[in-house]
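A.B. asks: Okay, predicted coordinates and the sequence, questions at the end:
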Amino acid sequence: MLHPTILIADDDRRLRESLSEVFNDLGCTTRTAGNGGDAMEVLRQMRCDLLLSDVDMPDMTGFALLSWISHQTPRAGSHLPVILMSARADAELGRAARAAGAIDLLSKPVEITRITGLVHRLLEL
């Protein structure tokens, strides 16, 4: 996929900026959102090819955002691949994430090689 757009939703500004820089260097376009509501607004306004979202955000969980996405029209991203991230990731939360429709749940702090490898496979970079 040529220049895919990745939306990074996380309340940790440094993580958003770090992931954005990594994926920009790989030829992706990135958009960022500091919470679930802002992520919803970005998805209403533009097409994204992938969402990386924190599970625990102040106004809306990553699970709630994933549920909202699954009920939207294709323009807003009903077929949008989602990778969730959490500092409290464990096997049970991972199963819940996949059952909710996420591709995977990654532990924070995020291992850059793991997330870039997963994104490479998903977006065929």
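C.D. replies: Good, I have the coordinates. Numbering: from 1, shown residues only.
A.B. asks: can you list the weak-confidence ranges in this protein?
C.D. replies: Where the chain drops to pLDDT under 70, the residues are 1, 73-78, 125.
A.B. asks: what are the ranges of the strands in it?
C.D. replies: Under the criterion DSSP state E, the chain contains strands at 5-9, 29-33, 50-54, 82-86, 104-107.
A.B. asks: could you dump those to JSON lines with mean neighbour count and distance to residue 16?
C.D. replies: (Each C-beta comes from the backbone N, C-alpha and C, glycine too.) Compiled in JSON lines, those are given as follows (neighbours: other Cβ atoms under 10 Å; distance: least, Cβ to Cβ, whole Å):
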{"stretch": "strand 5-9", "mean neighbour count": "24", "distance to residue 16": "5"}
{"stretch": "strand 29-33", "mean neighbour count": "19", "distance to residue 16": "4"}
{"stretch": "strand 50-54", "mean neighbour count": "25", "distance to residue 16": "9"}
{"stretch": "strand 82-86", "mean neighbour count": "24", "distance to residue 16": "11"}
{"stretch": "strand 104-107", "mean neighbour count": "18", "distance to residue 16": "15"}
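A.B. asks: Those strands: which one's closest to residue 122?
C.D. replies: strand 50-54 (6.3 Å; Cβ to Cβ).
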